[in-house]
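[1] what shape does this take:
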Amino acid sequence: MNTNTQTTRLYHTALSPFCRKVRLVLAEKKIEVELVEERYWEGKAELLRRNPAGKLPVLRYRGNMMAESQAIAEYLDEAIPSPSLMPQTPMERHEVRRLCAWFDDKFHEEVTRPILNERVWKKITRSGYPDSRVVKDGLRAIKEHIDYLSTLLETRRWLAGNALVDRLRAQAWREHHAAQAGCRTVGRLGKPRRRDQEARRDAPYGGGEQGVRTLPLVTSWALVTGPFSTI
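    You can find the predicted model right below:
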C-alpha cells in the first residue's frame, strides 16, 4: 500500500556523483527531501532490502522505493512535468541520454572511480594505502574528457544542443548534472585547476537565468570548486 504522506527520503552518500545527480534533480523540481547518509560499503541488510543491488542512491518517494540514478531522474521528470527538464524531439532526448551515459559510465570508470577509490574509500574502509599511479592516471584522463566536451561546444551553444527547455532550463540539464556531479566529486579531491580556456558564453552555475548556462565548470577546467554541496 502506497502512502503518499510519507516523507521523501534519499539514502545517499555525499561523494557519489550518482547521488548528487538525484539531489540536483530534486532541487530542480523543488522537492523537499530528508537526506540519510548510508554507509553502503558495510553491506547492511537494510540497504539490501531497499535495493537488492546494494547500490546508492535509493529514493523513497510517494511510498515507493526507487533505485538507479538515471531511472530516478527520468521518473521525477515524468511524475512532476513542470518544470520540464528534457527536450521535445526524440533525437534531442537521445543526445541528452547519450551524454549522461558518458559521464555515468566512461567518465566514472576512467576518472571518478579510480580517484575516489584511492584517495577516499581505501582510507574509509581501511583497505590499504592509495596508489599514486592510479590517481595520476585518473587525473590525466580528465584532459581527454575535457577535450571531447570542448569539441562538442565548438558547434553548439549547450552541451547537448542549441535550444533551451522550459524557458530557463538547458537541453543539457541532466548530462550537465551528471557532469557537474562527476567533476565536483573529482574536483574536491585534487588537480587540475585550469581557467585558461574561454568560459564561452556562460556564467557560473548557481541559480537564476545565468545559472542555467551550462558547463562553465567543464569548459573552463575549473574542477576544484570548493566544498562539496549537500544539495
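
[2] break the protein down into its domains, please.
    Annotated domains of the chain cover 9-79, 90-219 [automatic domain parsing].

[3] let's have those domains in JSON lines, adding mean pLDDT.
    Converted to JSON lines, those look like this (pLDDT from 0 to 100):
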{"stretch": "domain 9-79", "mean pLDDT": "94"}
{"stretch": "domain 90-219", "mean pLDDT": "70"}
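
[4] show me the strands in the protein, by range?
    9-12, 34-37, 58-61, 64-67, 164-165, 169-170 (DSSP state E).

[5] give the other helices and strands that the first one contacts.
    Other helices and strands packing on strand 9-12, by 3 or more Cβ pairs under 8 Å, 6 or more residues apart in numbering; DSSP states H and E, are helix 17-28, strand 34-37, strand 58-61. Every residue, glycine included, has its C-beta placed from N, CA and C.

[6] okay, the longest helix anywhere in the chain in PDB with CA atoms only?
    Secondary structure of the chain read by DSSP state H shows that its longest helix is helix 132-153. C-alpha atoms of helix 132-153 as PDB (Å, rounded to 0.1, in the frame of the first residue of the first chain):
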ATOM      1  CA  SER A 132      49.600   7.300  -6.700                       C
ATOM      2  CA  ARG A 133      49.900   5.800 -10.200                       C
ATOM      3  CA  VAL A 134      46.200   5.100 -10.300                       C
ATOM      4  CA  VAL A 135      45.400   8.600  -9.100                       C
ATOM      5  CA  LYS A 136      47.700  10.100 -11.700                       C
ATOM      6  CA  ASP A 137      46.100   8.000 -14.500                       C
ATOM      7  CA  GLY A 138      42.700   9.300 -13.400                       C
ATOM      8  CA  LEU A 139      43.800  12.900 -13.400                       C
ATOM      9  CA  ARG A 140      45.400  12.500 -16.800                       C
ATOM     10  CA  ALA A 141      42.200  11.100 -18.200                       C
ATOM     11  CA  ILE A 142      40.400  14.300 -17.300                       C
ATOM     12  CA  LYS A 143      42.100  16.100 -20.100                       C
ATOM     13  CA  GLU A 144      40.800  13.700 -22.800                       C
ATOM     14  CA  HIS A 145      37.300  14.200 -21.500                       C
ATOM     15  CA  ILE A 146      37.500  17.900 -21.400                       C
ATOM     16  CA  ASP A 147      38.900  18.000 -24.900                       C
ATOM     17  CA  TYR A 148      36.000  16.000 -26.100                       C
ATOM     18  CA  LEU A 149      33.400  18.200 -24.400                       C
ATOM     19  CA  SER A 150      35.200  21.300 -25.700                       C
ATOM     20  CA  THR A 151      34.900  19.900 -29.200                       C
ATOM     21  CA  LEU A 152      31.200  19.500 -28.800                       C
ATOM     22  CA  LEU A 153      30.800  23.100 -27.600                       C
END
